[in-house]
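Trainee: Sequence and predicted model, in that order:
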Amino acid sequence: MSIFFPIAVFYAVLVALALWGAWLGWTRSKSPTARYLVVSMALVWAGFTIADAWNSYESFGTTGVAEIISGNLDTPVSGSAGICSFCYEGPAGDVYVVAAGRARNGHYTFNRRVRYSLRFSSGAVRLNGKDLKPGCYIGTGAPGDILEIAEAQKLRLELGKNAGCH
Amino acid sequence: MSLFALELRKHRVLIGGMLLVAFLWAAWMARQLLASEPLVTLAINIGFLFALAPVGLLVPVVLARTLSGEATGPLAFLLTSPRRGLAHVAARFGVALATLAIYYAVLVGMSSWVASSVGVKYDVWLPLAAWAYFLAAWAAPAVLAGIVYGLVVAAYRPGRGGQIVAVSAAFGLFKIWGWLTWRAGEYLAFLPQLPIPRVNVPAEIAPYLGLARGDIDLTAALQTIIDGIPTAPAFVGLLLTVALFLVAAHLWEEVEWA
């Protein structure tokens, strides 16, 4: 059974409640404003709930939530930053992301051959010993490649075949 | 007797109680500030703020929900003739917003006094801006959402699913509010932005906030992620306030005077 099944049941209950509210709202009042308001808002809620369900279903397929839960996440890089504020590392859409508002003393090693995009607005970053200027770079990393972050602001490293400088 | 005074009189216990709690809290904080170590007061104040913040967020809805109801209360005889729904909603909204304005002014004023007395440096306009922003972007639309909620429940006969209907509508409303605020960030980016406030937390306070030692420049930290404080949520709040105001006025005339 898919891990999404209990979540789907939850969303289905919400949609049922919204549609029930819309039906009751239309049939049980004489006030036109109340009827139109309730039906439109209840249908809006149902629509958003269906969209939420679809989005989370899609993200299950692309971001590897099942892998995170099961502990079998395939990480293209491994490493960490000594000091990091506003940071995220993990699946994001169809890429794997290492992002930081501000990072210091970071050290990451590529685990496998993977396309990457690396962007940062300021700071000192070295890829395989080569100093990089602030900007955005696209390339393909090989196993053992090393990314060193002495200090960087607004850093975003995307990994995966859809990594890009958009 | 004006509708405003009537609303005030009908709900004086609730409103008086809310304001009394806020003022007692302020008096207690002032005593702490003047009589003892400001840093201790800050530590207590932060605990209080974290405890109060979620309650404070819900206050507009709870207040509006309590204010809403049928026009045939025990003091309805004071109304000599039915008036326009707009006037009734305006009175109720005015009473609620005035109460909340005082309530949040006490909270914001005390917090900034405590902060400045322990040496946190911030722009002078910050407390006033935070107060106005919160009222426009959250409190005003939330109060009207509460009033509309009450009127929607009243539009359905008891035992006929009024609560289910109102809950569905409320969820839809809050969803669309969130969606509008999110989209506004993208499409109303041309609106003027407020500058990032200058906030500097001195080194001796940092441990009380659970942060690393050393001076903390919140402005620099925020500048790495945003360019300014967007005003779009306040405009969305204003738009919703107007829309819900009209809906509430219509509902009043159909439900209460039908």
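Mentor: Noted; the coordinates are in hand.
Trainee: confidence score at A:Asn55?
Mentor: We note a pLDDT of 88 for A:Asn55 in this prediction.
Trainee: what packs against the one helix or strand it maps to?
Mentor: Under DSSP states H and E, the secondary-structure element containing A:Asn55 is helix A:32-63. Under the contact definition 3 or more CB pairs under 8 Å, 6 or more residues apart in numbering or on different chains; DSSP states H and E, helix A:32-63 sits against helix A:5-27, strand A:77-92, helix B:140-154, helix B:162-187, helix B:232-255. C-beta: built from backbone N, CA, C; applies to glycine.
Trainee: right, and those - which one's nearest B:Pro127?
Mentor: The minimum distance between B:Pro127 and these falls on helix B:232-255, with 16.3 Å, by CB to CB.
Trainee: which outside residues touch that closest one?
Mentor: The contact list for helix B:232-255, computed with CB atoms under 8 Å, 6 or more residues apart in numbering or on different chains, reads A:30-34, A:37, B:71, B:84-86, B:88-90, B:93, B:133, B:136-138, B:140-141, B:144-145, B:147-148, B:151-152, B:154-155, B:177, B:180-181, B:184-185, B:188-189, B:191.
Trainee: which of these are buried?
Mentor: Among the contacts of helix B:232-255, those scoring as buried are A:31, A:33-34, A:37, B:71, B:85, B:88-90, B:93, B:133, B:136-138, B:140-141, B:144-145, B:147-148, B:151-152, B:154-155, B:177, B:180-181, B:184, B:188 (criterion: 16 or more other CB atoms under 10 Å in any protein chain shown).
Trainee: before we move on, the earlier item: would you turn the helices and strands packed on helix A:32-63 into TSV with distance to A:Ala150 and mean pLDDT?
Mentor: TSV is the format used below for the helices and strands packed on helix A:32-63 (distance: least, CB to CB, whole Å; pLDDT from 0 to 100):
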stretch	distance to A:Ala150	mean pLDDT
helix A:5-27	42	93
strand A:77-92	10	82
helix B:140-154	47	90
helix B:162-187	33	90
helix B:232-255	37	93
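Trainee: Distance to A:Lys133 added to the ones you listed, as CSV?
Mentor: Compiled in CSV, the helices and strands packed on helix A:32-63 are given as follows (distance: least, CB to CB, whole Å):
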stretch, distance to A:Lys133
helix A:5-27, 44
strand A:77-92, 20
helix B:140-154, 46
helix B:162-187, 30
helix B:232-255, 34
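Trainee: out of those, deepest packed?
Mentor: Using mean count of other CB atoms under 10 Å in any protein chain shown, the stretch among these with the greatest mean number of neighbours is helix B:140-154 (a mean of 25).
Trainee: Report whether it contacts chain A.
Mentor: Yes - residues of helix B:140-154 are located near chain A by CB under 8 Å from any CB of the partner chain, namely B:Val148, B:Leu151, B:Val152.
Trainee: With just CA atoms, put that helix into PDB.
Mentor: What follows is helix B:140-154 as a C-alpha-only set of coordinates in PDB (Å, rounded to 0.1, in the frame of the first residue of the first chain):
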ATOM      1  CA  ALA B 140      -9.400  44.200  10.600                       C
ATOM      2  CA  PRO B 141     -10.100  41.300   8.100                       C
ATOM      3  CA  ALA B 142     -10.100  38.800  11.000                       C
ATOM      4  CA  VAL B 143     -12.700  40.800  12.900                       C
ATOM      5  CA  LEU B 144     -15.000  41.000   9.900                       C
ATOM      6  CA  ALA B 145     -14.500  37.300   9.100                       C
ATOM      7  CA  GLY B 146     -15.700  36.700  12.700                       C
ATOM      8  CA  ILE B 147     -18.700  38.900  12.200                       C
ATOM      9  CA  VAL B 148     -19.600  37.300   8.900                       C
ATOM     10  CA  TYR B 149     -19.200  33.900  10.500                       C
ATOM     11  CA  GLY B 150     -21.800  34.800  13.200                       C
ATOM     12  CA  LEU B 151     -24.200  36.100  10.600                       C
ATOM     13  CA  VAL B 152     -23.800  33.000   8.400                       C
ATOM     14  CA  VAL B 153     -24.700  30.800  11.400                       C
ATOM     15  CA  ALA B 154     -27.700  33.000  12.100                       C
END
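Trainee: So what's the gap between it and the chain middle?
Mentor: Distance, stretch centre to chain centre, for helix B:140-154: 14 Å (CA atoms, centre = their mean, to the nearest Å).
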